[in-house]
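Visitor: predicted model and sequence below, questions to follow.
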Amino acid sequence: MRDSSRLVDVFVAARTESMPWLPSVDSNDTIAKWMKSTLIPISEVEIAEFDGEIVGFSSRLNDKLDHLYVLPEHQGKGYGTTMLDRVKTALPGGFDVWVYTQNDKSKAFLEKRGCSAVRESDGMDKREKTAETLYQWKPN
């Protein structure tokens, strides 16, 4: 990954804009260290670019979509859909993705693209202590 600091920018900006209710449990430095030491080395990370700048990214691990974020100013332009389509191609048997239950925008995005909610968790086992909904995509 040539510019993991840009991934941090995307991650923080997208989460701040779309999830202002989510507790912030990490500093940008901690997020950067996690990305460099864990996310990037063990996940399949794909980026979305516009004019040579990273505007979004997705990561998947095994049969799970872990992250899909697009900068707020680039949302609604097809980057998220393109990245989700790439995940569908890479995982043709289907995949799971957890979404914060309060994140109506992400839930609507996934539902519009064929993912279905299958169960909920109270999120108490996570650092944010925030309820989550498990979505699945299965091919037709």
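Guide: Received the coordinates, thanks.
Visitor: C-alpha only now, for contacts and for neighbours.
Guide: Noted.
Visitor: show me what secondary structure element comes after the lengthiest strand in the chain.
Guide: Secondary structure assigned by DSSP state E gives strand 53-61 as the longest strand of the chain. Beyond strand 53-61 in the direction of the C-terminus, DSSP states H and E gives the next helix or strand as strand 64-70.
Visitor: so which elements touch that following strand?
Guide: helix 4-18, strand 53-61, helix 79-90, strand 95-100 (3 or more C-alpha pairs under 8 Å, 6 or more residues apart in numbering; DSSP states H and E).
Visitor: could these go into CSV alongside mean neighbour count, mean pLDDT and distance to Thr130?
Guide: Converted to CSV, those look like this (neighbours: other C-alpha atoms under 10 Å; pLDDT from 0 to 100; distance: least, C-alpha to C-alpha, whole Å):
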stretch, mean neighbour count, mean pLDDT, distance to Thr130
helix 4-18, 18, 92, 14
strand 53-61, 20, 96, 21
helix 79-90, 17, 97, 23
strand 95-100, 20, 97, 7
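Visitor: turn these into a markdown table, including distance to Tyr69.
Guide: Output for the helices and strands packed on strand 64-70, formatted as a markdown table (distance: least, C-alpha to C-alpha, whole Å):
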| stretch | distance to Tyr69 |
| --- | --- |
| helix 4-18 | 6 |
| strand 53-61 | 5 |
| helix 79-90 | 7 |
| strand 95-100 | 12 |
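Visitor: picking up where we left off before, tell me the angle the longest strand of the chain makes with strand 95-100.
Guide: Strand 53-61 and strand 95-100 meet at an angle of 110 degrees, taking axes from the mean of the first three to the mean of the last three C-alpha atoms, to 10 degrees as the criterion.
Visitor: tell me the pLDDT of the residue lying closest to Ser58 once chain neighbours are set aside.
Guide: In this structure, Ser58 finds its nearest non-sequential neighbour in Leu68, 4.2 Å apart by C-alpha to C-alpha, 6 or more residues apart in numbering. The score at Leu68 is 98. That number is its pLDDT.
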